[in-house]
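could you look at this predicted model? Sequence included:
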Amino acid sequence: MELFVIELIRLIAMGNVQQVGYRAFAQRKAIEKGLRGQVKNLADGTVEVLVVDDKGLNDFIEALKSYPDHNTPTQILKTGIIEVNQIPEVFSIDYS
């Protein structure tokens, strides 16, 4: 059996992004753009977004910056690439 590695782009959303519906917003935007990946809260108050690099990625990042439910601008940092052995089938929220 041949193993393969998939690269996910790791983004960190900073600002007022927890307890405000940001993960659900990110999931909606990803689904609208046909992207696959995952979003979750981190202990430091930021939100991690892992997404398969695709043609809609730049538009998705711009959408993440414009979260409409608060006045604080959201900063998105592209922090690297994570290698996984399984392709995400959808864009999901990790509640752990």
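Received, thanks.

which element is residue 76 on?
For residue 76, the host element (DSSP states H and E) is strand 75-84.

meant to ask about residue 24
Here residue 24 is assigned to helix 22-32, by DSSP H and E.

can you name the next helix or strand after that helix?
Using DSSP H and E, the helix or strand that directly follows helix 22-32 along the chain is strand 37-41.

quick one: distance of that following strand to the chain centre.
Relative to its parent chain, strand 37-41 has a centroid offset of 5 Å by Cα atoms, centre = their mean, to the nearest Å.

helices or strands up against the least confident helix or strand in the chain by mean pLDDT?
Across the helices and strands of the chain, mean pLDDT, DSSP states H and E gives its lowest value to strand 75-84, namely a mean of 87. In terms of contacts (3 or more Cβ pairs under 8 Å, 6 or more residues apart in numbering; DSSP states H and E), strand 75-84 is packed against strand 6-14, helix 57-65. Quick note: C-beta positions are derived from backbone N, CA and C, even for glycine.

just want the angle from it to helix 57-65.
130 degrees (axes from the mean of the first three to the mean of the last three Cα atoms, to 10 degrees).

and strand 75-84, which strands flank it?
Its sheet considered, strand 75-84 pairs with strand 6-14 (antiparallel) by DSSP bridges.

what mean pLDDT does the partner strand get?
Confidence for strand 6-14, expressed as mean pLDDT, is 91.

likewise stretch 48-56?
The pLDDT scores in stretch 48-56 average 88.

pull out the buried positions in that stretch.
Within stretch 48-56, the residues that count as buried by 16 or more other Cβ atoms under 10 Å are 48-52, 56.

could you do stretch 37-44 as well?
37-39, 41.

one step back: okay if I get the helices and strands packed on strand 75-84 as TSV plus mean neighbour count?
Below are these laid out as TSV (neighbours: other Cβ atoms under 10 Å):
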stretch	mean neighbour count
strand 6-14	18
helix 57-65	16
